[in-house]
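In: give me a 3D structure for the following:
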Amino acid sequence: MKNLSIYFSLLLTSIAVSSCSTDFPRQEVNTENLSGFIEGGNAGGIYGDAGLKITNDSIQMTDWPVSRLTTSLDILLDTTLIDKTSFTDFYTIQIENKGSLKQREFIDSLVIVLSDKGLIK
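Out: So this is what the prediction gives:
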């Protein structure tokens, strides 16, 4: 009986974590200076490969909420961006600076793309 209880608990936990996937279809980003994609992520990633890395030439965000991204961009831009996603939404974003944009120009371009996709304001 104890094993059944443990099995049932694990089953419910796995269903809850897998149901926390964000229903955001993969959208390609291809502009003169940017190349990559944005897609819905999975809340289960926060226990594994989740993370956020912004450099001069790319952004890599895996299974991370947009609110964490807006906080980082607010600091870089000294501004206030508004997260338009739900608290439970997680995203994977991989976009590279394929042009020769400087960091500020790259971040500004990212903000425009994320705004166009309805993720931030």
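
In: who does the residue nearest to the spatial centre of the chain bridge with?
Out: Closest residue to the average C-alpha location of the chain: residue 91 at 3.2 Å, with C-alpha atoms, centre = their mean. For residue 91, the beta-bridge partners are residue 40, residue 64 (DSSP bridges).

In: could you identify the helix or strand that succeeds the lowest-mean-pLDDT helix or strand in the chain?
Out: Here the helix or strand of the chain ranked lowest by mean pLDDT, DSSP states H and E is helix 2-18, holding a mean of 62. Toward the C-terminus, helix 2-18 is succeeded by strand 27-30 as the next helix or strand (DSSP states H and E).

In: that next one packs against which elements?
Out: strand 34-40 (3 or more C-beta pairs under 8 Å, 6 or more residues apart in numbering; DSSP states H and E). In this view, the C-beta of every residue, glycine as well, is placed from N, C-alpha and C.

In: and whichever helix or strand comes after the strand it packs on, which residues are buried?
Out: Counting by DSSP H and E, the next helix or strand C-terminal to strand 34-40 is strand 51-54. Across strand 51-54, burial judged by 16 or more other C-beta atoms under 10 Å covers residue 54.
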